[in-house]
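# this one's structure only:
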């Protein structure tokens, strides 16, 4: 019997034709869309995309101009900018396996702990500083190492050729070339100039690629010529430093200016610092004490309270006052003199520095007249020098019944002044009664012999007070300020410091203000010593500093022997 024949099954050959057709249509549609998009990108959107790409890759590099020089009045360099090399790195380009070895190599050259360098290059940053402003031989050594990801970058560094000379006053510019303190900060805009930028591109990692052919049109800063005299400044620095060793004072300040125009010829302080290594110095010494630190002037204020009284017309130079044999009670306060005196003339009250006499003179004119008159001298407000952070001092208004406060102010307690204020006020007496604004910089076309016409006191009053101040040095409390060949007018000051709200018995500020020559004055000098140890009166410790400095200054300025009398 024959078996029935089977109809063979059709072997499956893959997907159904319908599915293939669908897939093919989708593929063709996709390719079509891609083609359309590609055409769109190359034609319609090409310009827009090019602009986007340019914005993403293009950048600008800011080029800072060379910071201008600072010079003294005679053209001697006080601050200058120079190109230096700094060591930098691109951690992203340093092989992690080589970090430790790279850190060790750099540590041997730079003197920075290897662990610190390794920690810093372990980041994925594109740029870090390793060491700023290195010496040329160190830069060459680093370059010879040829370390991956480590390179040199040129910077500008501020140099101060005279080191500590007028360091706080001239100030410092930081590592970024911006003025931080002193005149570097005060004249930042003039010294820095106008920055410029050049076009640059960024690669895929964001590294900037400058356009070599581009040039930066930057405006360099303007050189700054100070009123300062470097030779006088050197003498002032030396006199102050020696005084601190001799007296044990915590600090000292000296201001010297020309009373005819207010030119600041020297402004010294001790202790000082080296601005070329400012990052390792005590920042407390960056402060210009003569301008920003007020102090109670003590008896150095008496020439001004007496001048106010004489100018008021209520006190005559021939008047006499009973100085109560050295002890006088005002309400609940007893005023003492260093030495007992009976009847003294106005002239002798200043010569022997009688507190009681000064208080009685102030009583004659009253509180309002005293305060208003002292404000005319510039006390209680900034001098107008423009120095950053300048203090205004303290001079409060008084009621007529505030007898104790009025007496205190008359002999220099209960108010605060700066050394620059005191110098500016002294210039009024020295130049015949005109106010001067302390001048820090010489401007083009400025007249170094021009005196202000802003009158504070009459020429007659100024001459009377200057004559009294001359007797202070010749046979009064300021004998140690006398010069052999030149006449000197001056006034000593000794003030108790306020500690925890009360006057201390063992902490003092000693001061001396001097004018030389006493006839046709050329120089006003204020010396302040903070907390001298042992001897502490202005006549004992501050007057000798004046003598040392002024003796050198009159020779350097060529002032005729005898003071051109």
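Perfect, thanks for sending it. It should be emphasised that the depicted structure is a prediction, and the values quoted were computed from it without experimental measurement.

# Residue 191: neighbouring residues, count only.
27 (other CB atoms under 10 Å). Backbone N, C-alpha and C define where each C-beta goes, glycine included.

# That one: what's it in contact with?
Residue 191 is in contact with 67-68, 70, 173, 179, 184, 221-222, 224, counting by CB atoms under 8 Å, 6 or more residues apart in numbering.

# Just the ones of those residues in strands?
70, 224 (DSSP state E).

# What's the ChimeraX line that selects buried ones from the contacts of residue 191?
In ChimeraX syntax, the buried subset of the contacts of residue 191 is picked out as below (16 or more other CB atoms under 10 Å):
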select :67,68,70,173,179,184,221,224
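
# among the contacts of residue 191, which one has the lowest pLDDT?
Lowest in pLDDT among the contacts of residue 191 is residue 221, which has 81.

# right, and it touches residue 65 too?
Yes: Residue 221 lies in contact with residue 65 (CB atoms under 8 Å); the separation is 6.4 Å.

# Show me the shaky parts of the stretch 401-550 of the chain.
The stretch 401-550 of the chain contains residues with pLDDT under 70 at 444-453.

# Which stretches in the stretch 101-250 of the chain count as helices?
Applying DSSP state H, counting those that start in this stretch to the stretch 101-250 of the chain gives helices spanning 114-121, 136-145, 167-170, 182-186, 188-192, 230-247.

# Save the contacts of residue 191 as TSV, and put in distance to residue 463 too.
Formatted as TSV, these follow (distance: CB to CB, whole Å):
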residue	distance to residue 463
67	47
68	43
70	38
173	45
179	42
184	41
221	45
222	41
224	37
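
# biggest separation within the contacts of residue 191, which pair?
173 and 222 (15.0 Å; CB to CB).

# can you pull the contacts of the spatially most central residue of the chain?
By CA atoms, centre = their mean, the chain has its centre lying nearest to residue 182, at 1.8 Å. Contacts for residue 182 (CB under 8 Å, 6+ apart) come out as 168-172, 286, 288, 388.

# out of the helices of the stretch 101-250 of the chain, nearest to residue 411?
helix 230-247 (23.2 Å).

# And the average pLDDT for that closest one is what?
On average, helix 230-247 scores 97.

# Next, the buried residues of it.
So, applying 16+ other CB under 10 Å, buried residues of helix 230-247: 230-237, 239-241, 243-244, 247.

# Closest one of these to residue 343?
residue 247 (35.4 Å).

# Now do the contacts for that closest one.
510, 529, 532-535, 541.

# Strands - which of those residues land there?
Per DSSP E, those map to strands at 510, 529.

# if we take the contacts of residue 247, which one ends up nearest to residue 557?
residue 529 (24.3 Å).

# so who does that closest one touch?
Contacts of residue 529 (CB under 8 Å, 6+ apart): 243-244, 247, 249, 251-252, 509-511, 541-542, 545.

# which two in these are spaced the farthest apart?
It's 244 and 511 that sit farthest apart of those, by CB to CB, at 14.9 Å.

# quick revisit: distance to residue 438 added to the helices of the stretch 101-250 of the chain, as JSON lines?
Shown next, in JSON lines, are the helices of the stretch 101-250 of the chain (distance: least, CB to CB, whole Å):
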{"stretch": "helix 114-121", "distance to residue 438": "46"}
{"stretch": "helix 136-145", "distance to residue 438": "41"}
{"stretch": "helix 167-170", "distance to residue 438": "12"}
{"stretch": "helix 182-186", "distance to residue 438": "12"}
{"stretch": "helix 188-192", "distance to residue 438": "18"}
{"stretch": "helix 230-247", "distance to residue 438": "15"}
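
# Of all these, which one comes closest to residue 156?
Of the helices of the stretch 101-250 of the chain, the one closest to residue 156 (CB to CB) turns out to be helix 188-192, at 11.2 Å.

# So for that closest one, what gets flagged as buried?
Quick answer for helix 188-192 (16+ other CB under 10 Å): 188, 191-192.

# Which element, helix or strand, includes residue 315?
Using DSSP states H and E, residue 315 maps to neither a helix nor a strand.

# Leaving out chain neighbours, which residue sits closest to it?
residue 309 (3.9 Å; CB to CB, 6 or more residues apart in numbering).

# Now that neighbour. Its backbone dihedrals?
Note on residue 309: backbone dihedrals following degrees, to the nearest 10 are phi -70, psi -40.

# for the one 3 residues further on, same thing?
Recorded main-chain torsions at residue 312 are phi -70, psi -20, according to degrees, to the nearest 10.

# try the one 5 residues further on
In this entry, residue 317 is assigned phi and psi values of phi -60, psi -20 (degrees, to the nearest 10).

# ok, now how distant is it from residue 432?
17 Å (CB to CB, to the nearest Å).

# Tell me where the stretch 301-450 of the chain has strands.
Secondary structure of the stretch 301-450 of the chain (DSSP state E, counting those that start in this stretch): strands located at 320-322, 327-330, 333-336, 343-345.

# could those be laid out in a markdown table, adding mean pLDDT?
Formatted as a markdown table, the strands of the stretch 301-450 of the chain follow (pLDDT from 0 to 100):
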| stretch | mean pLDDT |
| --- | --- |
| strand 320-322 | 96 |
| strand 327-330 | 94 |
| strand 333-336 | 93 |
| strand 343-345 | 96 |
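
# between the ones you listed, which gets nearest to residue 271?
Comparison of these against residue 271 by CB to CB identifies strand 333-336 as nearest, at 34.0 Å.

# who touches that closest one?
326-329, 355-356, 359, 404, 407, 411.

# That one: partners in the sheet, and parallel or antiparallel?
When pairing is defined by DSSP bridges, strand 333-336 lines up against strand 327-330 (antiparallel).

# Could you pull out the helices in the stretch 251-400 of the chain for me?
289-292, 302-312, 346-352, 355-365, 367-376.

# Please name every helix or strand in contact with the fourth one.
Taking 3 or more CB pairs under 8 Å, 6 or more residues apart in numbering; DSSP states H and E as contact, the helices and strands that helix 355-365 lies on are helix 302-312, strand 320-322, strand 327-330, strand 333-336, helix 346-352, helix 403-410.

# same check, this time on the last one
Helices and strands touching helix 367-376, as assessed by 3+ CB pairs under 8 Å, 6+ apart, comprise helix 302-312, helix 403-410.
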